[in-house]
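Asks: Have a look at this prediction, sequence included:
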Amino acid sequence: MGHGGITVVSRATCLSRQTLYMGMTDLDVPPTTDGRIRRPGAGRKPLRERDPELDTTLDALIDRDVRGDWESPLLWTGKSTGQVALALTRGGHPVRATTVGVMLKEAGYSLGISRSGPPCR
């Protein structure tokens, strides 16, 4: 587009000029043959890698409110995933409720109880 072309495209697409320049640089790199879309090391790091204390903090927060028989494989908590996520975020570990749900499920907790009291059998 010649002189001023980046500015015109930036205004038309609402993308920053820096983003457009980075995209143009990426076009100069030949595509990989291993099926990757991003460069090695690109993308977000896993949450547990970015915040190694998250699991410990979650355990400490849930341990105060765990229900169920320790002998039984079914453990559950009276706190919702939203409440736990809010408490973790306020404690300096920003996390979403869906992530808390995944972490609790991986830890062996039963999810989906929306009222107080033990789960129905």
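Replies: Good, I have the coordinates. Model, not experiment: these values are computed from the prediction. Numbers count the residues shown, from 1 in each chain.
Asks: Check the burial of residue 29 by counting its neighbours.
Replies: 8 (other CB atoms under 10 Å). The way it works is simple: take the backbone N, C-alpha and C, and place the C-beta from them, glycine included.
Asks: same check, this time on the one 10 residues further on
Replies: By the other CB under 10 Å criterion, the neighbourhood of residue 39 contains 10 residues.
Asks: Now do the contacts for it.
Replies: Residues near residue 39 by CB atoms under 8 Å, 6 or more residues apart in numbering: none.
Asks: Verify the assumption that it is located in a strand.
Replies: No. Under DSSP: H, G, I helix; E, B strand; the rest coil, residue 39 sits outside any strand and is assigned coil.
Asks: Can you check the pLDDT for it?
Replies: pLDDT for residue 39: 71.
Asks: do the same with residue 1
Replies: 74.
Asks: Residue 112 too?
Replies: 54.
Asks: same check, this time on residue 34
Replies: 77.
Asks: Can you tell me how far it is from residue 42?
Replies: 14 Å (CB to CB, to the nearest Å).
Asks: try residue 92
Replies: 27 Å.
Asks: Against residue 88, how distant is the residue nearest to residue 91 when sequence neighbours are not counted?
Replies: The shortest distance from residue 91 to any non-neighbouring residue, by CB to CB, 6 or more residues apart in numbering, is to residue 57 (6.3 Å). Noted for residue 57: a distance of 6 Å to residue 88, by CB to CB.
Asks: hey, where'd the helices end up in the chain?
Replies: 5-13, 17-28, 47-50, 54-63, 81-90, 97-106 (DSSP state H).
Asks: how many other residues sit next to residue 94?
Replies: Neighbours of residue 94 (other CB under 10 Å): 13.
Asks: Also the one 5 residues further on?
Replies: By the criterion of other CB under 10 Å, residue 99 has 18 neighbours.
Asks: wait, what's in contact with the residue lying closest to it once chain neighbours are set aside?
Replies: Nearest in space to residue 99, with sequence neighbours left out and distances taken as CB to CB, 6+ apart, is residue 47 at 6.4 Å. By CB under 8 Å, 6+ apart, residue 47 lies in contact with 54, 95, 99.
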